[in-house]
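Asker: Here is the input, now give the coordinates:
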Amino acid sequence: MNKTIQKIGIAGAGAWGTALAATARRAGRDVVIQAHEADVVEAINSVHENCRFLPGIKLDKEIRATTNFEDITACDAVLLVMPAQFLRAATTEMATSWRDGVPAVICAKGIEQKTGALLSEVCAETLPGVTLAVLSGPTFAIEVAHGLPTAVTLASKDPDQAAALVTAMGTPTFRAYRSDDVVGVELGGAIKNVLAIGCGIIEGRGLGDNARAAFITRGLAEIARLATAKGASPETLVGLSGVGDLTLTCNAMQSRNFSLGVALGAGRSLEDVLGERSSVTEGVFTASSTVRLAKSLNVDAPLCTAMDQILNKGADIEATIKGLLARPVGAEDPLG
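Answerer: Next up, the predicted model:
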C-alpha cells in the first residue's frame with residue numbers, strides 16, 4: 001500500500017473540486033484536475049482560473065487541468081469530486097487505468113438515485129480492491145479556495161492511508177480530522193442536502209427561526225436513525241460531517257440546496273430554479289435516494305419523505321407542512 005502522497009489527481013472540476021485543487025497545491029502537492037468541459041481545462045491552464053464554476057479565484061499556475069482520466073489515475077491519490085449521480089460511470093471508466101495502491105477519496109455528497117447505494121458502495125463495485133476514504137464536513141468551496149479556516153472529517157478503514165491523506169491535504173487553515181466511520185460520514189454529508197432544502201423552504205415561507213431550528217434538530221435525529229441502521233456510529237453525527245455540515249448548509253444562501261428551498265418557499269417552480277443553474281443541486285436527487293434507503297432499512301424518515309414528495313412527486317408545499325405539523329408528538333430521542 002502506497003503511503004507517500006505527493007501527486008494528487010482530482011476528478012471533477014466544479015467549484016468544490018477546484019477549491020480542493022487549490023488546497024492541495026497550498027499543501028505543497030503536485031495537482032492535476034480533470035474536467036469534462038474543454039473550456040474549463042483551457043481556462044485553468046491558460047489564465048489559471050475556473051471561470052465557469054469558481055470565477056474570481058486565481059489558481060496556482062502549477063495546477064494542471066486535463067480532460068483525460070488517465071492523467072488522474074497516474075497520481076498517488078485520486079479525489080472523486082464529480083456529482084454523485086455520475087460517480088458510477090466515471091469510476092467504471094477510471095478502473096481500466098487505476099494503479100495498485102492508489103487510494104480513492106470520495107468528496108462528492110449523495111446517494112445513488114437508481115440503486116439507493118452509498119457512494120462507497122458504488123466504488124466498492126467499480127473499483128474493487130481500492131482503498132476508499134470519504135472527505136466531508138462543513139465546507140463552502142469559495143471559502144476553502146480563499147484559504148479561510150476550515151475543518152473536515154476524513155474517514156477510512158485504513159488508518160495508515162488516512163494518516164497519509166491527512167498529511168497530504170492538510171494546511172494550517174484546512175484541518176482534517178480522522179475517522180473510521182465511513183458510512184456515518186457519508187450519510188451525514190448526503191442527507192443534510194435534503195434537509196437544507198427544507199430549511200430553505202421554511203425561510204422562503206417566512207415560518208421563522210424557531211421552525212428552522214426544530215427542523216435541523218429533528219433532521220439530525222433522522223440522519224442518526226438511518227446511519228445507525230446502516231451500521232454507523234450515532235456519535236459521528238455530532239461531529240463535523242454531521243451537525244457541523246448540517247448547520248452550515250441549513251443556514252446560508254451560499255448553499256445551493258438552501259437557496260433552492262428559499263426559492264421554492266417563495267413560490268418559484270423547481271424547474272425554473274434548476275434551469276438557471278450550471279451546478280448540480282444534490283439534495284433533489286438525494287431526497288428520493290434517502291427515502292428508498294429508509295424503506296429498505298425500515299426506518300421512519302418523515303422529513304426526508306416530505307422533501308421527496310415536494311421535490312420529486314409534485315406535492316403541495318403548504319399541505320405537506322400541515323401534514324408534518326399534524327404528526328403525533330412523542331418522547332425526544334436526539335440521536336435516533
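
Asker: Please report the distance of the spatially most central residue of the chain from residue 185.
Answerer: By C-alpha atoms, centre = their mean, the chain has its centre lying nearest to residue 109, at 2.4 Å. Between residue 109 and residue 185 the computed distance is 10 Å (C-beta to C-beta, to the nearest Å). Heads up, the C-betas are built off the backbone N, CA and C, glycines and all.

Asker: where do the contact lists of these two overlap?
Answerer: Shared contacts of residue 109 and residue 185, defined by C-beta atoms under 8 Å, 6 or more residues apart in numbering, are found at residue 136.

Asker: quick one on the thing from earlier: am I right that the residue nearest to the centre of the chain sits in a helix?
Answerer: No. Counting by DSSP: H, G, I helix; E, B strand; the rest coil, residue 109 is not part of a helix but coil.

Asker: If we ignore the residues flanking it in sequence, what's nearest it?
Answerer: residue 189 (4.0 Å; C-beta to C-beta, 6 or more residues apart in numbering).

Asker: thinking that neighbour is in contact with residue 111, fair?
Answerer: No. Residue 189 lies out of contact with residue 111 (C-beta atoms under 8 Å); the separation is 10.1 Å.

Asker: So which of the two has more stuff around it?
Answerer: Set residue 189 next to residue 111 and count neighbours by other C-beta atoms under 10 Å: residue 189 wins out with 33 against 28.

Asker: need the contact list for that one.
Answerer: 109, 134, 136, 137, 241, 245.

Asker: Show the buried residues in those.
Answerer: By neighbour count, with 16 or more other C-beta atoms under 10 Å, the contacts of residue 189 hold 109, 134, 136, 137, 241, 245 as buried.

Asker: Looking at those residues, which is nearest residue 275?
Answerer: residue 109 (22.4 Å; C-beta to C-beta).

Asker: pretty sure the closest one contacts residue 84?
Answerer: Yes. With contact defined as C-beta under 8 Å, residue 109 reaches residue 84; the gap is 6.7 Å.

Asker: what sits in contact with each of those two?
Answerer: By C-beta under 8 Å, 6+ apart, residue 109 and residue 84 have these common neighbours: 190, 282, 286.

Asker: List the buried residues for the longest helix along the chain?
Answerer: Ranked by residue count under DSSP state H, the longest helix found in the chain is helix 182-205. Along helix 182-205, these residues count as buried under the neighbour rule (16+ other C-beta under 10 Å): 182-205.

Asker: Next: stretch 304-322.
Answerer: Those would be 304, 305, 306, 307, 308, 309, 310, 311, 315, 317, 320, 321, for stretch 304-322 by 16+ other C-beta under 10 Å.
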